[in-house]
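Q: kindly return the folded structure for what I paste below:
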Amino acid sequence: MGIIDYGGILNNVTFDFPLLQLTETDSILGADIFAHIVKFVSSKQLTEAVERLKKDYTQCINRSKQKSSLLTEMPQEWAVPSVKIENKLEELFSQKWLSATWENFVECLKSYSNYEK
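A: Model prediction:
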């Protein structure tokens, strides 16, 4: 069984509001350690890594979509109505959200590295 950050994926249980993308300052890509790592990576290496990440991102999303236990693994003591969770998961797995999330990642990456695509 995997560990799921329900607070994170459900925006800290703000069920009545839409999901929000991370800002550049919220992103782990803004961490000092990332700057130290990325300075040793060429633009070509970074481009290749992003291409691999895109494939991994898609595969992970597809595996998560197939995981029928996403709702049943949420702690019952939270007493969150399942219809609200279902609606939030629908939003989370929508093509609009998934595309925007990837684009946001790429924009953050551009801000903190030599990535140019």
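Q: quick check: Q59 vs K84, distance?
A: Here the criterion is CB to CB, to the nearest Å. By it, Q59 lies 28 Å from K84. All C-beta atoms are positioned from the backbone trio N, CA, C, and that covers glycine.
Q: comparing the two, which residue is more hemmed in?
A: Remark: of Q59 and K84, K84 carries more neighbours, 13 against 10, as counted by other CB atoms under 10 Å.
Q: ok, that one touching F15?
A: Yes. Using CB atoms under 8 Å, K84 makes contact with F15 at a distance of 4.3 Å.
Q: most distant residue from the centre of this structure?
A: Distance from the C-alpha centroid of the chain, by CA atoms, centre = their mean, peaks at E77 (25.7 Å).
Q: would you put the C-alpha positions of the helix or strand harbouring K44 in PDB?
A: Assigned by DSSP states H and E, K44 belongs to helix 43-66. Output in PDB follows, covering the C-alpha atoms of helix 43-66 (Å, rounded to 0.1, in the frame of the first residue of the first chain):
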ATOM      1  CA  SER A  43      20.800  21.900 -20.900                       C
ATOM      2  CA  LYS A  44      20.800  18.700 -23.000                       C
ATOM      3  CA  GLN A  45      20.800  16.400 -19.900                       C
ATOM      4  CA  LEU A  46      18.000  18.500 -18.400                       C
ATOM      5  CA  THR A  47      15.900  18.200 -21.600                       C
ATOM      6  CA  GLU A  48      16.400  14.400 -21.600                       C
ATOM      7  CA  ALA A  49      15.400  14.200 -17.900                       C
ATOM      8  CA  VAL A  50      12.300  16.300 -18.500                       C
ATOM      9  CA  GLU A  51      11.300  14.000 -21.400                       C
ATOM     10  CA  ARG A  52      11.700  10.900 -19.100                       C
ATOM     11  CA  LEU A  53       9.800  12.700 -16.300                       C
ATOM     12  CA  LYS A  54       6.900  13.400 -18.700                       C
ATOM     13  CA  LYS A  55       6.600   9.700 -19.500                       C
ATOM     14  CA  ASP A  56       6.800   8.900 -15.700                       C
ATOM     15  CA  TYR A  57       4.200  11.500 -14.900                       C
ATOM     16  CA  THR A  58       1.800  10.100 -17.400                       C
ATOM     17  CA  GLN A  59       2.300   6.500 -16.200                       C
ATOM     18  CA  CYS A  60       1.900   7.500 -12.600                       C
ATOM     19  CA  ILE A  61      -1.300   9.300 -13.400                       C
ATOM     20  CA  ASN A  62      -2.700   6.400 -15.200                       C
ATOM     21  CA  ARG A  63      -1.800   4.000 -12.400                       C
ATOM     22  CA  SER A  64      -3.400   6.300  -9.900                       C
ATOM     23  CA  LYS A  65      -6.600   6.600 -11.900                       C
ATOM     24  CA  GLN A  66      -6.900   2.800 -11.800                       C
END
